[in-house]
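J.: take this sequence and fold it.
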Amino acid sequence: MTKQYWLVKSEPFKYSWDNFVQEGQTMWNGVRNYAARNNLRNMQIGDQVLFYHSNEGLCVVGIAEVITTAYQDPTTEETAWVAVDLKPVKALKHPVTLKAIKEEPELAEISLLRLARLSVHALTPAEFKHIVKMGA
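T.: Now for the predicted structure:
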């Protein structure tokens, strides 16, 4: 199966990259948007994920990996909602700001810009690689 690429957003005052690294892995749960939920459902073990600090910071700060496929979100009894487990892979040497992403012609179509409120985004391989290169 072909590796897929994603971006997840978290407000650092609620759950930051540093929290994630300290814990070593996390359950990505609490998603209550159907498009974001569908993205979680499509995640496969080994997929790569960019970790984005939303609201404060507004930047991609690290790379994570999907370590489980979607399962029932234990924070709700509603079967429509799912969670996945992620583990940190590495921090970006230089956080990639939203401003920098907006200035890159190669990233003009990235869903982060078109669907700003979405918490889980699908990325193309080229978008993922470009942001990682920007943060190197």
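
J.: now the helices for this protein?
T.: Assignment of helices within the chain using DSSP state H yields the ranges 17-23, 34-42, 98-102, 111-114, 125-134.

J.: buried residues in the longest strand anywhere in the chain?
T.: Determined from DSSP state E, the single longest strand within the chain is strand 82-97. Neighbour-count burial for strand 82-97, counted by 16 or more other Cβ atoms under 10 Å, picks out 82-88, 91-92, 95-97. From N, CA and C alone the C-beta is placed, and that goes for glycine too.

J.: cool, stretch 57-71 as well?
T.: By 16+ other Cβ under 10 Å, the buried positions in stretch 57-71 come out as 57-66, 68, 70.

J.: and for stretch 18-28?
T.: For stretch 18-28, the neighbour count (16+ other Cβ under 10 Å) marks 20, 26, 28 as buried.

J.: now do it: distance from first to last residue.
T.: Distance between the two ends of stretch 18-28: 15 Å, counting by Cα to Cα, to the nearest Å.

J.: that stretch - what's its average pLDDT?
T.: Stretch 18-28 comes out with an average pLDDT of 98.

J.: how far off centre is it?
T.: Averaging C-alpha positions (Cα atoms, centre = their mean, to the nearest Å) puts stretch 18-28 13 Å from its chain's average.

J.: likewise for stretch 3-21?
T.: Distance of stretch 3-21 from the chain centroid (Cα atoms, centre = their mean) equals 6 Å.

J.: quick one: contacts of that stretch?
T.: 26, 28, 39, 42-44, 46-57, 60-62, 64, 66, 86, 88, 91, 111-112, 118-125, 127-128 (Cβ atoms under 8 Å, 6 or more residues apart in numbering).

J.: and what of stretch 98-109?
T.: Here stretch 98-109 makes contact (Cβ under 8 Å, 6+ apart) with 58-60, 110, 112-113, 126-127, 130-131, 134.

J.: coming back round to it: now tabulate the buried residues of stretch 18-28 in TSV and tack on distance to Glu106.
T.: Shown next, in TSV, are these (distance: Cβ to Cβ, whole Å):
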residue	distance to Glu106
Phe20	27
Thr26	30
Trp28	27
